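Trainee: Got a predicted model here, sequence first, then my questions.
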Amino acid sequence: MRVVELPARHWAQVRTGDERYLCVRQGGVLTVILDRCKHRGGPLSKGTWDEKTESITCPWHELINSPRDLCRRKVPSVRVGNVLRIVIPDEG
Ligand code: FES
């Protein structure tokens, strides 16, 4: 198990191993999601954030990842001061 931190701000990103994580503000709350589009795993962090709908348009095929889609990619996180901590389970 590993603990990874990223800044507690919208659009903060971190990479660890083969995985990328992105912080987004949804409903006024900062959450951490897998930085992977629902279609073929494109990098949402390189996409376009729509503040009004709180959705991300993927840069690869321009599919819109709705708040519900983003919620499905949510990983548990806890805020400690100015950082968000996520726990990455060991593989296997
Ligand atoms: S990978 Fe995101 S739209 Fe295809």
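Mentor: Cool, got the structure.

Trainee: For this structure, give me the ranges with low pLDDT.
Mentor: 92 (pLDDT under 70).

Trainee: tell me which parts of it are close to the ligand?
Mentor: Counting by CB under 6 Å from any ligand atom, the chain comes close to the ligand at 37, 39, 40, 41, 42, 58, 60, 61, 63. Heads up, the C-betas are built off the backbone N, CA and C, glycines and all.

Trainee: In this structure, spot the strand with the most residues.
Mentor: Criterion DSSP state E: the longest strand present in the chain is strand 19-26.

Trainee: buried subset of the residues of the chain next to the ligand?
Mentor: Among those, those classed as buried by neighbour count (16 or more other CB atoms under 10 Å) are 37, 42, 58, 63.

Trainee: Tell me where this structure has strands.
Mentor: Ranges of strands in the chain, per DSSP E, are 2-7, 13-16, 19-26, 29-34, 48-50, 55-57, 64-65, 74-75, 77-80, 83-88.

Trainee: want to try a markdown table for the ones you listed, with mean neighbour count as columns?
Mentor: Shown next, in a markdown table, are the strands of the chain (neighbours: other CB atoms under 10 Å):
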| stretch | mean neighbour count |
| --- | --- |
| strand 2-7 | 14 |
| strand 13-16 | 14 |
| strand 19-26 | 19 |
| strand 29-34 | 18 |
| strand 48-50 | 13 |
| strand 55-57 | 21 |
| strand 64-65 | 18 |
| strand 74-75 | 14 |
| strand 77-80 | 13 |
| strand 83-88 | 16 |
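
Trainee: So what pairs up with residue 15 in the strands?
Mentor: Applying DSSP bridges to residue 15 gives these bridge partners: residue 20.

Trainee: what's the distance between it and residue 6?
Mentor: Distance, residue 15 to residue 6, by CB to CB, to the nearest Å: 10 Å.
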